[in-house]
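Colleague: what would the 3D arrangement of this be:
(4 chains)
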2 protein chains.
Amino acid sequence: MTIDDAPRDALRGGPRELLRWVATGAAVSRADLSRLSGLSPSTVSQRVEALISQGLLEETGAGRSRGGRRPRQLAVPTGGAVVGAIDLGAHHARVGALDLSGRVVQARTLPVRIEDGPEAVLGALLAEVATLVDGDPAASRGGSATGALRGVGIGIPGPVQHSTGRIVSPSRMPGWNGFDVAAFCAGRVDVPVIVDNDANLMALGAHRTAHSELDHAVYIKAGTGIGSGVISSGRLHRGAQGSAGDISHCRVVADPAPPCTCGNAGCLEAVASGAALVTALRGQGVPVSDLTGVIRLIDDGDRQATALARQAGRAVGEILAVVVNFFNPQVVAIGGRLADCEPLLASMRATLYERCLPLATQTLLIERVAAGQDVGITGAAHLVIDHVVAAA
Amino acid sequence: MTIDDAPRDALRGGPRELLRWVATGAAVSRADLSRLSGLSPSTVSQRVEALISQGLLEETGAGRSRGGRRPRQLAVPTGGAVVGAIDLGAHHARVGALDLSGRVVQARTLPVRIEDGPEAVLGALLAEVATLVDGDPAASRGGSATGALRGVGIGIPGPVQHSTGRIVSPSRMPGWNGFDVAAFCAGRVDVPVIVDNDANLMALGAHRTAHSELDHAVYIKAGTGIGSGVISSGRLHRGAQGSAGDISHCRVVADPAPPCTCGNAGCLEAVASGAALVTALRGQGVPVSDLTGVIRLIDDGDRQATALARQAGRAVGEILAVVVNFFNPQVVAIGGRLADCEPLLASMRATLYERCLPLATQTLLIERVAAGQDVGITGAAHLVIDHVVAAA
DNA sequence: TCACTTCCTTCGACTACAAAACTAAGTCAG
DNA sequence: CTGACTTAGTTTTGTAGTCGAAGGAAGTGA
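Modeller: Next up, the predicted model:
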């Protein structure tokens, strides 16, 4: 199924925004919404009515008075697991069932063998989504229209053409090239399936969670691979081919320049990704098997591992410096498993401050992505919710 | 005076867009506009009426029949020089008077000595604008409301906070730091003055002229200095501080890394700008005095100059590769005086194709900015026109 | 001359939103 | 515990923007 881009009303008083204000707790009553959105009370009432009738919003009794009539409290129906989300990683997938507010109701991490191919992997994950959604006690209690699955969002650790849902020459996913994820899933579930790059989903999740008031943001996902997601004017920027944010094969100075899976040498991914760190440490005779091991070594203060982490941080900072000068975002946040790695973060920060225009870093926030391991599925859910609300 | 950002209706059938379609010749009649915009004939008629009554549009008799009633031709009042524009450069300024369609009515290039300070320079240029506008024969003929000056747009070769019109730590403009251009000009002319970075204006001019149907574009301005302008979702992306596109101090690999005016070494500007080429050639004992001389040498096939141009092209390509991977534009165009320098362009292209994700370059256009020396003032005029139409 | 096309306007209807009036339900001072 | 005031939300009415249908204007072509 083909999904067009996020519609215009995303900003400024659209139903989507009303919903989000309620979901985030910024608004509790119709009066709040009226104040926040600038819409007249009558219009808000009308829209709220519509949202309630669609099951996207509900009344939850009266609130505390503020000196007059008590507000009729609004809430996004919680506990109803109505959105499925899959955040596929190199070795694991985070699968979740979320409610309409974007809150995680149920989630679990599953081991994944990408090399088993798309059918096997996605089939198993979709089954798990179904289990999680059905297993939600609230849903089985109620079971009515409100509790029904409304859509599934999927994040893929590689280039995805969001418009078609097709995977395009991924570097670490043998057997997935050209696979039409959306079409495959459409055959298994009868709700909309939205596919996007994992870094994009992280960006969306992090932005909606922590930075919704900022216009321009860049999120780096540093895990086994390395990628980024871009928010421009409050919306996900996917670019012409949908490959925006894919900085993994940007060249960085490194001596020696390690060869990359793409055939070139000195790619950011070959220097700063989790996979690269594992390879490099092994090459130095350190017996690590995976990224977890590397992170443990760094946390333990291992000299070799720390040096590599610093180098990785510098490399990320180098690329990010160009990005920050060019794009001038309000915030740069780093997520993924390497985000908790202090030496990497520190040298990334240092490089950024050293190499950027003072004007660009003057008020720039450089942060860790806060939302933890559920950012990805949160972002996926938001994408689905936006689509559902737009279609309503 | 403070100017807020381009309003929302810029896209999709707003008065601005109608005007532009007429200005570009894409539409000649109300029927054309209806087809192009998707608006109903009645709505178009109504809007056109409003635009005509504001003097922003006029009827110019009947057109050729296409098998039925002849269209009542529409046109933007031409010949009336109603927008002033200044494109300030390091040594010269292009000053122009343009009509509401963005066409240049009168323009001339003046020598400028930036070091004389903002008051002297801007004072002289504003006077010249007044002369050009008044000197327009059509304006003095008609002289009515239509021919009155509606606004002035100014491009500055350094960082500008577009929202306030203030210059922020420019690297090659001694005495200009912190100067409030908009406030200064507001005291001299009684129409809106809009100030922006010169690269942004070039980007806007080039996009409106040649790529108006593309969503995402990057324009490099390579002259005495080096900068870029970014179009995201059809609109100028200025970023958080308004410094977006300022890639002049991104570091590139160069051996030896030449020192930059900013205090660092190896900045793009210190390797690939016109000023850098002059300095480098002089350092090699070649007696050139300015950029014109360098370009002549390159055109003549001088070995040293060509080698430097190639190095410059590689440097630009290196940075641009990151930008293209990150931003994934539909087009990258290079303008400024160095854009006509073949060796530079060629090695930039080569570097770009070598270093970018195939997905990102697959359909990427890499071009020269077409509009010539008037792109800047054209962009400035568009900014002013957009503002005028929005205010109407 | 008549059917048909294209261009544009007029008019009625619909929609989205707002302003004002009104109902509902509370607080608080005396 | 009563009446003035406050806040919340609905209903009613009005207005602006847009569309669709119908129709007038002005042409072409058989």
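Colleague: torsion angles phi and psi at A:Lys221?
Modeller: Per-residue torsions, A:Lys221: phi -110, psi 110 (degrees, to the nearest 10).
Colleague: hey, what's it bridged with?
Modeller: Beta-bridge pairing for A:Lys221 (DSSP bridges): A:Gly227, A:Gly335.
Colleague: neighbours of A:Thr164, how many?
Modeller: Per other C-beta atoms under 10 Å in any protein chain shown, the neighbour tally for A:Thr164 reads 17. For glycine as for every other residue, the C-beta is placed from the backbone atoms N, C-alpha and C.
Colleague: could you do A:Gly63 as well?
Modeller: The number of residues near A:Gly63, taken as other C-beta under 10 Å, comes to 14.
Colleague: quick one: pLDDT of it?
Modeller: Predicted confidence (pLDDT) for A:Gly63: 89.
Colleague: all helices in chain A, in order from the N-terminus.
Modeller: Assigned by DSSP state H, chain A shows helices spanning A:15-24, A:30-37, A:41-53, A:118-135, A:137-142, A:181-186, A:198-210, A:268-272, A:274-283, A:291-299, A:303-327, A:342-355, A:358-361, A:375-391.
Colleague: for chain B, what's its nearest residue on the stretch 101-250 of chain A.
Modeller: Residue of the stretch 101-250 of chain A nearest chain B, by C-beta to the nearest C-beta: A:Gly239 (2.6 Å).
Colleague: my guess is that residue meets B:Pro329, correct?
Modeller: Yes - between A:Gly239 and B:Pro329 there is a contact under C-beta atoms under 8 Å: 6.8 Å.
Colleague: identify the contacts common to the two.
Modeller: Contact criterion C-beta atoms under 8 Å, 6 or more residues apart in numbering or on different chains; residues shared by A:Gly239 and B:Pro329: B:His216.
Colleague: between these two, which one's more packed in?
Modeller: Using other C-beta under 10 Å, the more surrounded residue of A:Gly239 and B:Pro329 is B:Pro329, with 27 against 24.
Colleague: next, give phi and psi for the more buried one.
Modeller: With angles defined as degrees, to the nearest 10, B:Pro329 sits at phi -80, psi 170.
Colleague: how close does the residue nearest to it when sequence neighbours are not counted sit to B:Val324?
Modeller: Nearest residue to B:Pro329 in three dimensions, chain neighbours excluded: B:His216, at 4.3 Å (C-beta to C-beta, 6 or more residues apart in numbering or on different chains). Relative to B:Val324, B:His216 is positioned 10 Å away (C-beta to C-beta, to the nearest Å).
Colleague: and the two? Which one has more around it.
Modeller: Between B:His216 and B:Val324, B:Val324 has the larger neighbour count (other C-beta under 10 Å), namely 27 against 22.
Colleague: B:Val218 is in contact with that one, correct?
Modeller: Yes - between B:Val324 and B:Val218 there is a contact at 7.5 Å, judged by C-beta under 8 Å.
Colleague: shared neighbours of these two, anything?
Modeller: Counting by C-beta under 8 Å, 6+ apart, the residues touching both B:Val324 and B:Val218 are B:Val332.
Colleague: sorry, back to before: and the helices of chain A as CSV, adding mean pLDDT and distance to B:Ala27?
Modeller: Output for the helices of chain A, formatted as CSV (pLDDT from 0 to 100; distance: least, C-beta to C-beta, whole Å):
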stretch, mean pLDDT, distance to B:Ala27
helix A:15-24, 88, 33
helix A:30-37, 94, 35
helix A:41-53, 93, 34
helix A:118-135, 91, 47
helix A:137-142, 48, 54
helix A:181-186, 94, 37
helix A:198-210, 96, 37
helix A:268-272, 95, 46
helix A:274-283, 95, 54
helix A:291-299, 95, 57
helix A:303-327, 96, 34
helix A:342-355, 96, 47
helix A:358-361, 92, 40
helix A:375-391, 91, 30
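Colleague: where does pLDDT dip in the stretch 151-300 of chain A?
Modeller: For the stretch 151-300 of chain A, no stretch has pLDDT under 70.
Colleague: can you name the residue of it nearest DNA strand D?
Modeller: At 21.5 Å from DNA strand D, A:Ser233 is the closest residue in the stretch 151-300 of chain A, using C-beta to the nearest atom of the strand.
Colleague: for that residue, which non-adjacent residue is spatially closest?
Modeller: Closest residue in space to A:Ser233, ignoring its immediate chain neighbours: A:Asp215 at 5.5 Å, by C-beta to C-beta, 6+ apart.
Colleague: would you agree the one you found is in contact with B:Ala240?
Modeller: Yes - taking C-beta under 8 Å as the definition, A:Asp215 is a contact partner of B:Ala240 at 7.2 Å.
Colleague: list residues touching both of those two?
Modeller: Residues touching both A:Asp215 and B:Ala240 (C-beta under 8 Å, 6+ apart) are A:Gln330.
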